[in-house]
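Engineer: how does the following fold in three dimensions:
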Amino acid sequence: MIKITDEDIEKVEKKFDNIKFDDESKAFIKCMESKDIQACPGAGKTTSLVAKLDILANNMPFDDNSGILVLTHTNVAVDEIKKKLGANAKIVLGYPNHVGTFQSFVNKFLAIPMYIKLFGKKPVRIDSEIFNVKLLEKLKFYYLDKFILDRSKNNKFTSIENFLNCLEVEETKVVLRQTNGRKKTIVNKLKPSYRNIKRALDEKIILQVINDGYLTYSHCYDLALKYITEYPNLSNIFQKRFRYIFVDEAQDTSNNQFEIIKKLFENSDVIIQKIGDNNQAIFNISSKNESGWNIKEDNCIEIKNTKRLSKPISEQASKVAFKPQELLGNGLITIQPTIILFDDARIADIIPRYAELIIEHNLHSEENYIFKAIGGVGKVHDAKHTIRDYYSNYSKEDNSSLLFDNLIEKLKEFENENIEAKEYRSIILDIVKEYLKKENIKNEESYFTKVSIFKYLKENDEEKYNDFKLILFQMTKKLHVKNCIKDDLQNLITIILNLYEKTLNLTTLNSVVKNYKIDFKKVSKNNVYKYVNGDIDFDIEIKTIHKSKGETHTATLVLETFKSVYDIFTLMKLLQNKKIHTYPDKKKLLYVAMSRATHFLCLAVHKKHTNIKGTKQYEVTDTDIKSLENNGFRIIELNKNISTKSETT
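Structural biologist: Below is the predicted model:
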């Protein structure tokens, strides 16, 4: 077994710009047995993990030629690991190792092989949104697209597939099976939709889309478990290939993901280390497939030193932790956390007041500052407040590019200055590549990649190769200024088609463009508040708490939002250092929100509000205010009849 020494850690500290790991982080880096690693916000767990991977890379190849498996939940986390690895990245990213998202691991090693065994071909696309689009196209054939879409939305379904799976055809009607065991009538037998639904379900419409090559992310887990179950010897292969497994953000790992790990690696000598923070388990909230990470306290390394939070912020954040967690913050920053109390009439003044507080604390003079305002609920509520009530331009951050038929409309969803030329170029090449695949035009036996397109053109026709590059360059410039590239795109693809003596299929091209989803993560232009006062100007990005997880901000404003109850007010007693034994999900969400900022934490809370029925009124009392002040908060009240300049503090 490999032994990691203090000398190994000293070398990697020098390599990583002379950082210093605390004793708890060193214990994790040295640990070479299966363990749970409970790491507080800002503990530097990713840096510690990368340091460990770097040391292991120096010991590769292992004596048995096995490798390392690193599983995380976002490509951002994967990219961060790759970036920090530096020179050893090629080793860790190469065979026999695998560093990627849980989804990419499941797709590559389990779901796609099982799909090929079942359908005799590779899937065309794995994307839940694309699957939804294709399912709607199938429903159109049964004259059901608008009917099913409307009914699924009306019944609060986020997935058309799930809605269809809950439909049941009875002799006199189609009913919807509900979670409470009741059945709701969707349509009776006298309506044409009854026959159409019966036919669509009888003809297995969902399976039709799957057979066409389109899968949701959830389908992949079903296929993976089926593959493992039907081929039990697979576990031997995986146990020989991977000696060390690191599960990053373990709190966001669902039961079925852990089930796959368990089936592949249980009863073996494979070392599995799960790294995360159970208090930040917010991605399985309201999900049946809740987090499957149960920390074994007698087999756990705890990292309590936060390199992110100031001491005043860490003291407040630890109060709302779902499970008791000691946070040891940075004592050099002493800005007092602030609560802004407001009446409904002043809700639009919250973000401007937050901007003034940023200036008051001189945070706009910090290098590489990041200012954000975050809330639990982005979706508009008819009667209660969500993020848009604070900032009317706010638009929900979900990728909406599938709603549009052309690239210009898709790109209008994003700020121009945030998009680099190489990303426009990548979009165009993605579409060319997908079109060629749809038309079954191959480079010898394989479908074209972005690289092989250029290689093929250069080897077969130098003139066409140069024309292709010129048109691509011109299209990139046009996209930047939002000029139409429809004709250019046709000309670009036709250059390749001419070498195959084929003509352009406009129906295929239009379909490829319509179904293209722009995946780069950019800030919607609607979600930035721009503060300008004389020669001082800065941006405050506005987003959901879920979208901000894993981020570090210079200053964070937490906006109180409503879902069943108002989130911050409901947990007010915790901020007063009292106990609340309910609302575990809201505790986790507020904990994530309150643990983003390095310098300044600000919370916006309603002074008065009523319950959803309007029958009961709640209020932050003078006693509450005194208690909050005694527990370390500065209180600012924005009252209905008091201007911003003369507010009480």
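Engineer: per-domain residue ranges of this structure.
Structural biologist: For the chain, automatic domain parsing gives the domain ranges 6-110+219-303, 128-215, 310-397+525-646, 401-514.
Engineer: of these, which is nearest residue 119?
Structural biologist: domain 128-215 (6.2 Å; CB to CB). C-beta coordinates here come from the backbone N, C-alpha and C atoms, glycine included.
Engineer: quick check: which of the domains of the chain is nearest to residue 117?
Structural biologist: So among these, domain 6-110+219-303 is nearest, using CB to CB, at 7.8 Å.
Engineer: ends of that closest one, how far apart?
Structural biologist: 18 Å (CA to CA, to the nearest Å).
Engineer: got it, and stretch 76-96?
Structural biologist: 22 Å.
Engineer: could we number from 777 for the rest of this?
Structural biologist: Will do, 777 is the new start, and the previous item becomes stretch 852-872.
Engineer: got the contact list for that stretch?
Structural biologist: Residues from elsewhere that reach stretch 852-872 (CB atoms under 8 Å, 6 or more residues apart in numbering): 791-792, 822-823, 825-826, 829-830, 832-834, 836, 841-844, 846, 848, 873, 875-877, 1017-1018, 1024-1025, 1297, 1326.
Engineer: buried only: go through the residues you listed for me.
Structural biologist: 792, 822-823, 825-826, 829-830, 832-833, 836, 842-844, 846, 848, 873, 875-877, 1017-1018, 1024-1025, 1326 (16 or more other CB atoms under 10 Å).
Engineer: report the contact partners of the residue nearest to residue 848 when sequence neighbours are not counted.
Structural biologist: Residue nearest to residue 848 in three dimensions, not counting chain neighbours: residue 1024, with 4.0 Å by CB to CB, 6 or more residues apart in numbering. Neighbour list for residue 1024: 821-822, 825, 846-849, 853, 857, 1051-1052 [criterion: CB under 8 Å, 6+ apart].
Engineer: just residue 1384 next, same as before
Structural biologist: 1119, 1393-1396.
Engineer: try it again at 6 Å.
Structural biologist: Counting by CB atoms under 6 Å, 6 or more residues apart in numbering, residue 1384 touches residue 1395.
Engineer: beta partners for it?
Structural biologist: For residue 1384, the residues forming beta bridges with it (DSSP bridges) are residue 1395.
Engineer: just the pLDDT at it, thanks.
Structural biologist: We have a pLDDT of 83 for residue 1384.
Engineer: hang on, the earlier thing: would CSV of the domains of the chain with distance to residue 894 be doable?
Structural biologist: Supplementary listing: these in CSV, determined by distance: least, CB to CB, whole Å:
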stretch, distance to residue 894
domain 782-886+995-1079, 8
domain 904-991, 9
domain 1086-1173+1301-1422, 34
domain 1177-1290, 21
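Engineer: coming back round to it: tell me which of the contacts of stretch 852-872 fall in helices.
Structural biologist: Cross-referencing these against helices under DSSP state H gives 791, 822-823, 825-826, 829-830, 832-834, 1017.
Engineer: quick check: of the residues you listed, which lies closest to residue 1359?
Structural biologist: Nearest member of these to residue 1359, counting by CB to CB, is residue 822, at 29.3 Å.
Engineer: residues contacting the closest one?
Structural biologist: Going by CB under 6 Å, 6+ apart, residue 822 touches residue 856.
Engineer: likewise for residue 990?
Structural biologist: Contacts for residue 990 (CB under 6 Å, 6+ apart) come out as 901, 907, 910.
Engineer: repeat that for residue 1126.
Structural biologist: With contacts taken as CB under 6 Å, 6+ apart, residue 1126 has the following neighbours: 1166, 1380.
Engineer: go on, the one 5 residues further on?
Structural biologist: Residues touching residue 1131, when contacts are defined by CB under 6 Å, 6+ apart, comprise residue 1307.
Engineer: need the three-state assignment for the residue of the chain most remote from its centre.
Structural biologist: Distance to the chain centre peaks in the chain at residue 966, reaching 44.5 Å (criterion: CA atoms, centre = their mean). With DSSP: H, G, I helix; E, B strand; the rest coil as the basis, residue 966 sits in coil.
Engineer: any idea how far it is from residue 949?
Structural biologist: 9 Å (CB to CB, to the nearest Å).
Engineer: list phi and psi for residue 1308.
Structural biologist: phi -140, psi 130 (degrees, to the nearest 10).
Engineer: what pairs with it across the strands?
Structural biologist: Taking DSSP bridges as the rule, residue 1308 bridges to residue 1313.
Engineer: next one: residue 1222
Structural biologist: Listed beta-bridge partners, residue 1222: residue 1219 (assigned using DSSP bridges).
Engineer: so what's the residue count around it?
Structural biologist: 8 (other CB atoms under 10 Å).
Engineer: equivalent analysis for residue 1196, please.
Structural biologist: Residue 1196 has 12 nearby residues by other CB under 10 Å.
Engineer: separation between it and residue 1362?
Structural biologist: Applying CB to CB to residue 1196 and residue 1362 gives a distance of 38 Å.
Engineer: and residue 914, by the same measure?
Structural biologist: 39 Å.
Engineer: same question, residue 978
Structural biologist: Taking CB to CB, one finds residue 978 at 44 Å from residue 1362.
Engineer: neighbour count winner among these two?
Structural biologist: Between residue 978 and residue 1362, counting by other CB under 10 Å, residue 1362 is the more crowded of the two (24 against 9).
Engineer: excluding chain neighbours, what is closest to the more buried one?
Structural biologist: Nearest residue to residue 1362 in three dimensions, chain neighbours excluded: residue 1343, at 5.0 Å (CB to CB, 6+ apart).
Engineer: which residues touch residue 982?
Structural biologist: residue 937.
Engineer: which element, helix or strand, includes it?
Structural biologist: helix 981-987 (DSSP states H and E).
Engineer: over to residue 1368?
Structural biologist: Secondary structure assignment for residue 1368, by DSSP H and E: helix 1360-1370.
Engineer: which parts of the next helix-or-strand element following that helix are buried?
Structural biologist: Next helix or strand after helix 1360-1370 toward the C-terminus (DSSP H and E): strand 1373-1382. Buried residues in strand 1373-1382, counted by 16+ other CB under 10 Å: 1373-1382.
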